[in-house]
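Asker: this is a predicted model, with the sequence first.
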Amino acid sequence: MVHHPVVISLLLPLIIGIYSRSTSIASAFTTIPKSITVTRRPLLVSSPLNAVVTSSSSVQHELSPSVLATLSTRGYVIVPNFLSQSLVNELRQDIIALRSSGAFKQAKIGQDSTNTLNTDIRIAETCFLGRGRNELTSITSAGGNNSIRDRSGGLYDILDNLRASLDTINNNGKLDPNLTELLYAYYPLGGYYRRHRDAIPNSASVLRKYSLLLYLNDETYDPTVDGGQLRMHLDGGGDECPPGVPPNYIDVNPIGGTLVLFKSELIPHEVLNTNSERYALVGWFNRSVLVTDIGRLGDATGGGGGDDSIVRMGLLAVSMAMVTYGVANIMGSS
């Protein structure tokens with residue numbers, strides 16, 4: 001592929017600008033209550049020797065050095081009681097209100113303009129949460145309650161603190177606050193999402209560094225009956241287990257208030273069949289777009305360089321601008 005510095009210099013701001021406007025984090029806030037509900041059910045259904053769950057009976061909104069070290073070395077970590085039950089309940093009610101107003105869409109699979117509905121792989125609904133802290137009018141008009149999301153010290157601030165903590169272990173520069181993706185995910189009775197990855201090579205989703213899950217189920221949710229566990233595959237494969245490699249996974253119960261973080265390119269995962277309604281907040285912390293991304297992803301589109309490469313680079317800019325709509329709303333909800 002022929003790299004044109006002038007074209008790159010023109011396209012890079014376009015990519016970042018459009019992409020930023022289409023993918024900034026959607027804020028959610030509430031007041032943290034004084035009372036705390038302690039999780040009674042176990043988080044893990046199955047647990048191999050290398051399963052990592054932090055132990056806590058109190059609400060935590062920051063990642064300790066030991067949790068960050070675990071995430072850095074193991075690739076994932078599970079933090080119980082990260083959100084208070086009160087905040088969990090308010091966010092779940094927000095989902096219910098948005099669904100009743102028609103803000104949710106049936107989740108599809110694929111990327112960008114190629115996404116399709118495939119109920120053999122996925123049955124779920126998603127709602128992308130706006131375009132940033134100051135651009136939540138679309139959610140308000142759709143029936144959402146910004147007052148429980150847009151408060152100082154609430155969910156948006158919690159996620160900002162999370163991103164800042166992750167910056168301390170991110171070796172490839174800081175995460176871009178303008179590229180954070182956030183959505184609500186709803187799984188009906190009989191819902192699921194088969195094994196998949198959040199960061200696909202040679203696609204704009206490679207910007208994803210860390211995947212975020214916050215479970216919003218109520219206290220009566222019993223995973224032994226209601227299902228819907230998150231299965232994280234640790235076999236080293238991609239969308240499928242490598243040939244000849246025995247299955248190696250952990251199943252995480254979607255207990256309300258639980259935080260799951262993992263490296264997006266490292267951990268294939270799936271949502272097991274649900275026997276009840278399942279609620280979650282899903283997000284991705286992304287790195288910034290680099291000039292090298294244009295060349296690498298442009299080469300992946302094929303062709304022999306020259307003017308054809310310039311066209312592909314322009315198409316890549318559009319592709320990156322679509323990453324939230326074409327990946328977050330399509331690939332996303334775990």
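Answerer: Done, it's in. Numbering: from 1, shown residues only.

Asker: how many residues are close by the closest residue to Leu230 other than its chain neighbours?
Answerer: With sequence-adjacent residues excluded and distances taken as CB to CB, 6 or more residues apart in numbering, Leu230 is closest to Val252, at 4.4 Å. Glycine gets a C-beta too; all of them are placed from N, C-alpha and C. For Val252, the count of nearby residues is 26 (other CB atoms under 10 Å).

Asker: same question, the one 3 residues further on
Answerer: The local packing count at Ile255 equals 21, with neighbours defined by other CB under 10 Å.

Asker: gap between it and Thr126?
Answerer: Distance of Ile255 to Thr126, given as CB to CB, to the nearest Å: 21 Å.

Asker: re the thing from before, hmm, the residue nearest to Leu230 is touching Gln229, no?
Answerer: Yes. Proximity of Val252 to Gln229 meets the contact threshold set by CB atoms under 8 Å, at 6.1 Å.

Asker: tell me where this protein is predicted with low confidence.
Answerer: 1-60, 110-114, 130-143, 145-153, 295-334 (pLDDT under 70).

Asker: all helices of it, in order?
Answerer: For the chain, the helices defined by DSSP state H cover 5-23, 65-74, 85-100, 137-141, 155-167, 223-226, 291-300, 307-321, 323.

Asker: list the buried ones in stretch 88-98?
Answerer: Across stretch 88-98, burial judged by 16 or more other CB atoms under 10 Å covers Val88, Asn89, Glu90, Leu91, Arg92, Asp94, Ile95, Ala97, Leu98.

Asker: the second one contacts Asp218, doesn't it?
Answerer: Yes. Judged on CB under 8 Å, Asn89 makes contact with Asp218 at a distance of 6.8 Å.

Asker: for Thr292, grab the count of nearby residues.
Answerer: Thr292 is flanked by 10 other residues according to other CB under 10 Å.

Asker: roughly how far apart are it and Asn172?
Answerer: According to CB to CB, Thr292 stands 11 Å off from Asn172.

Asker: Lys263 now?
Answerer: Look at Lys263 and Asn172: by CB to CB, they are 12 Å apart.

Asker: tell me which of those two has more neighbours.
Answerer: Between Lys263 and Asn172, Lys263 has the larger neighbour count (other CB under 10 Å), namely 17 against 9.

Asker: identify the bridge partners of the more buried one.
Answerer: Tyr210 (DSSP bridges).

Asker: that one reaches Arg208, doesn't it?
Answerer: No. Counting by CB under 8 Å, Lys263 stays clear of Arg208, with 9.1 Å between them.

Asker: hmm, Asn81 is touching Gly257, no?
Answerer: Yes. Counting by CB under 8 Å, Asn81 does reach Gly257; the two are 5.3 Å apart.

Asker: comparing the two, which residue is more hemmed in?
Answerer: Taking other CB under 10 Å, Asn81 and Gly257 do not tie; Gly257 has more neighbours (26 against 22).

Asker: could you find the closest non-adjacent residue to that one?
Answerer: Excluding its sequence neighbours, the residue lying closest to Gly257 (CB to CB, 6+ apart) is Leu83, at 4.4 Å.

Asker: ditto for Val88
Answerer: Sequence neighbours aside, Gly256 is the residue nearest to Val88 in space, at 4.4 Å (criterion: CB to CB, 6+ apart).

Asker: number of nearby residues for the one you found?
Answerer: The number of residues packed around Gly256, counting by other CB under 10 Å, is 25.

Asker: now swap in Leu175 and tell me
Answerer: Leu175 is flanked by 23 other residues according to other CB under 10 Å.

Asker: same deal with Asp167?
Answerer: Counted with other CB under 10 Å, the neighbours of Asp167 add up to 13.

Asker: and what of Asp120?
Answerer: 8.

Asker: what about it, distance to Tyr192?
Answerer: Here Asp120 is placed at a distance of 10 Å from Tyr192 (CB to CB).

Asker: rewinding a little: what touches both of Lys263 and Asn172?
Answerer: Lys209 (CB atoms under 8 Å, 6 or more residues apart in numbering).

Asker: with that, I have no additional questions.
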